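> Show me the folded form of this:
(one chain, ligands or ions: 2)
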Amino acid sequence: MSNPSPPPGMPRVLPRIDDLLRACVHCGFCNAACPTYQLSGDEREGPRGRLYLVKEILVDGREAPLGPLEHCLMCRACETACPAGIRYGEILDYAREQTNDRRSWRARWADRLLYRALDSRALVQSVTGFLRRTRRLTPRASSGIEKSRNLPWPAVRHARKVGLLRGCVQPHMRPDLDNKAAVILDHCGVSAIPLGPACCGALPHHLHQVETGRHLARQRLDEWRPDWFAVTSTATGCGAFMAEYPRLLDDDRARPFADKVTDMAALIDPGRLSPVTPERQMRIAFHAPCSLPAGPQGQERVQAILLALGHTLVPTDAPALCCGSAGPYALRYPRWAQALGNRKWQALTRHAPHQVVTANIGCLRHLAARADRPVRHWIDLVYEALTTPGTDGHG
Ligand code: SF4
Ligand code: SF4
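Residues are numbered from 1 along each chain as shown. Ligands and ions are numbered 1, 2, ... in the order given. So this is what the prediction gives:
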């Protein structure tokens with residue numbers, strides 16, 4: 001099947017969907033890694049079944065239910081498990097865009113309204129403010145939403161500069177987090193320049209508002225300065241989306257921009273940190289968000305940072321299992337999201353950690369809603385180590 005001409009703004013080269021699909025050898029290894037398959041036991045709710053569906057709809061031109069494509073969390077655990085190197089995320093992203101018009105008008109309006117609500121600064125500010133004030137009455141709903149703290153942003157004083165994305169929803173829930181990251185970067189000899197506050201494009205993209213996502217991505221490219229040696233974010237989901245700009249945009253700046261996207265942890269040298277005092281050292285369960293890259297520049301680096309602070313990492317079951325947050329997924333499919341969150345919480349707390357630590361506000365909030373102990377961002381722990389009197393977090 002040859003693909004139709006791309007609409008304005010689409011990349012010049014669209015994926016050849018039949019070629020991408022043909023690489024699948026139907027072994028089913030991916031199903032074992034898939035959270036929705038694990039929950040349902042239904043072949044159609046796993047990656048292999050979804051690939052069949054995409055083929056039926058886009059290659060064979062047949063009618064098929066779209067629900068399983070929508071239920072996918074886009075966690076990409078299946079890509080890691082696949083021996084044939086199937087680019088599942090790319091295939092599903094393309095299929096969702098191509099089939100959006102076939103969804104029911106109710107589903108399309110629900111996504112549109114949800115995006116409008118989450119995009120409204122005034123509304124998000126009022127809701128988070130209300131939840132902050134009623135924390136005692138609404139502990140679950142207000143989980144992960146902390147008191148507003150007016151932390152200073154360090155002056156630009158280093159030659160090495162990094163663009164730090166200040167996203168859309170996170171600044172309302174955790175207004176302190178990016179400032180803490182800027183302080184930590186300053187300690188490591190890097191000046192952070194705010195990018196935004198504005199959305200990277202991921203939020204509308206995940207809610208089928210693809211053109212709005214592209215528009216926001218182009219705005220971030222407009223703000224970007226090529227002399228920044230990196231672009232980063234305290235939300236791994238935003239970082240992962242910015243790294244996808246070349247696939248989503250027909251813009252010459254997308255590739256050089258994406259090449260600079262670096263996980264926040266990779267900018268921190270654990271050698272510059274020292275252990276906190278023994279009474280502050282904890283047993284920690286680390287939840288690696290699906291959007292945090294594996295390996296020494298991502299998951300391993302966060303763990304190295306926590307170890308450098310003197311904490312102990314406890315083992316967790318099924319470390320690659322998605323927690324069910326997945327951007328706006330938890331709002332669209334709360335039943336799946338809650339079931340996955342409960343499973344993940346059990347897996348994380350089996351070895352009795354004092355705290356659960358993660359790297360993405362969505363995961364943090366989703367896990368904190370069921371928590372009997374603190375759930376925190378690793379940036380909080382580094383910031384406290386550097387700034388709390390009586391600790392020895394400086395290297
Ligand atoms: S693991 Fe890869 S090759 Fe095997 S069924 Fe899944 S997508 Fe296809
Ligand atoms: S992206 Fe995640 S939820 Fe979707 S099919 Fe792959 S493993 Fe399953």
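
> Confidence-wise, which helix or strand of the chain is lowest on average?
In the chain, no helix or strand scores lower on mean pLDDT, DSSP states H and E than helix 121-133, which sits at a mean of 78.

> Only alpha carbons, please: show that helix as CSV.
Taking C-alpha atoms only, helix 121-133 is exported to CSV below (Å, rounded to 0.1, in the frame of the first residue of the first chain):
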residue,chain,number,x,y,z
ARG,A,121,-4.5,27.7,32.6
ALA,A,122,-7.3,29.4,34.6
LEU,A,123,-9.2,26.1,35.0
VAL,A,124,-6.2,24.0,35.9
GLN,A,125,-5.0,26.7,38.4
SER,A,126,-8.4,26.8,40.1
VAL,A,127,-8.8,23.0,40.3
THR,A,128,-5.2,22.5,41.7
GLY,A,129,-5.7,25.4,44.1
PHE,A,130,-9.0,23.9,45.3
LEU,A,131,-7.4,20.5,45.8
ARG,A,132,-4.5,22.0,47.6
ARG,A,133,-6.9,23.7,50.1
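
> low-scoring stretches of the chain, by residue?
When residues are selected by pLDDT under 70, those of the chain lie in 1-15, 136-137, 140, 143-145, 148, 389-395.

> Give me the neighbour count for the residue lying closest to His351 once chain neighbours are set aside.
Leaving aside its chain neighbours, His351 sits nearest to Val314 (4.0 Å; criterion: C-beta to C-beta, 6 or more residues apart in numbering). (Glycine included, C-beta is placed from N, CA and C.) Val314 is flanked by 18 other residues according to other C-beta atoms under 10 Å.

> Which parts of this protein are strands?
Ranges of strands in the chain, per DSSP state E, are 161-165, 191-195, 230-233, 283-286, 312-313, 355-358, 375-377.

> out of these, nearest to Arg301?
Comparison of the strands of the chain against Arg301 by C-beta to C-beta identifies strand 283-286 as nearest, at 11.4 Å.

> Contacts for that closest one, please.
Contact with strand 283-286 is made by 299, 302-303, 306, 311-314, 316, 348-349, 351-358, 378, as judged by C-beta atoms under 8 Å, 6 or more residues apart in numbering.

> Filter those residues down to just the buried residues.
Buried residues within the contacts of strand 283-286, counting neighbours by 16 or more other C-beta atoms under 10 Å: 299, 302-303, 306, 311, 313-314, 316, 348-349, 353, 355-358, 378.

> one step back: which outside residues touch the least confident helix or strand of the chain?
Ala117, Leu118, Thr138, Ala141, Ser142, Ile145, Glu146, Lys147, Ser148, Val169, His172, Met173.

> And the buried ones among the residues you listed, selectable in ChimeraX?
The ChimeraX selection below is limited to those of the contacts of helix 121-133 classed as buried (16+ other C-beta under 10 Å):
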select :118,142,145,146,169,172,173
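
> how about JSON lines for the contacts of helix 121-133, with distance to ligand 2 added?
Below are the contacts of helix 121-133 laid out as JSON lines (distance: C-beta to the nearest ligand atom, whole Å):
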{"residue": "Ala117", "distance to ligand 2": "25"}
{"residue": "Leu118", "distance to ligand 2": "22"}
{"residue": "Thr138", "distance to ligand 2": "29"}
{"residue": "Ala141", "distance to ligand 2": "25"}
{"residue": "Ser142", "distance to ligand 2": "28"}
{"residue": "Ile145", "distance to ligand 2": "27"}
{"residue": "Glu146", "distance to ligand 2": "29"}
{"residue": "Lys147", "distance to ligand 2": "34"}
{"residue": "Ser148", "distance to ligand 2": "35"}
{"residue": "Val169", "distance to ligand 2": "22"}
{"residue": "His172", "distance to ligand 2": "28"}
{"residue": "Met173", "distance to ligand 2": "25"}
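
> So of the contacts of helix 121-133, which two are at opposite extremes in space?
The most widely separated members of the contacts of helix 121-133, counting by C-beta to C-beta, are Ala117 and Lys147 (23.3 Å).

> separation between the closest residue to ligand 2 within the stretch 201-350 of the chain and Pro256?
Among the residues of the stretch 201-350 of the chain, Cys322 lies closest to ligand 2, at 6.2 Å counting by C-beta to the nearest ligand atom. From Cys322 over to Pro256 the distance is 31 Å, taken as C-beta to C-beta, to the nearest Å.

> Compare these two (neighbour count), which wins?
Counted by other C-beta under 10 Å, Cys322 and Pro256 do not tie: Cys322 has more neighbours, with 27 against 12.

> Am I right that that one is in contact with Cys72?
No: here Cys322 does not reach Cys72: they are 10.3 Å apart, not a contact under C-beta atoms under 8 Å.
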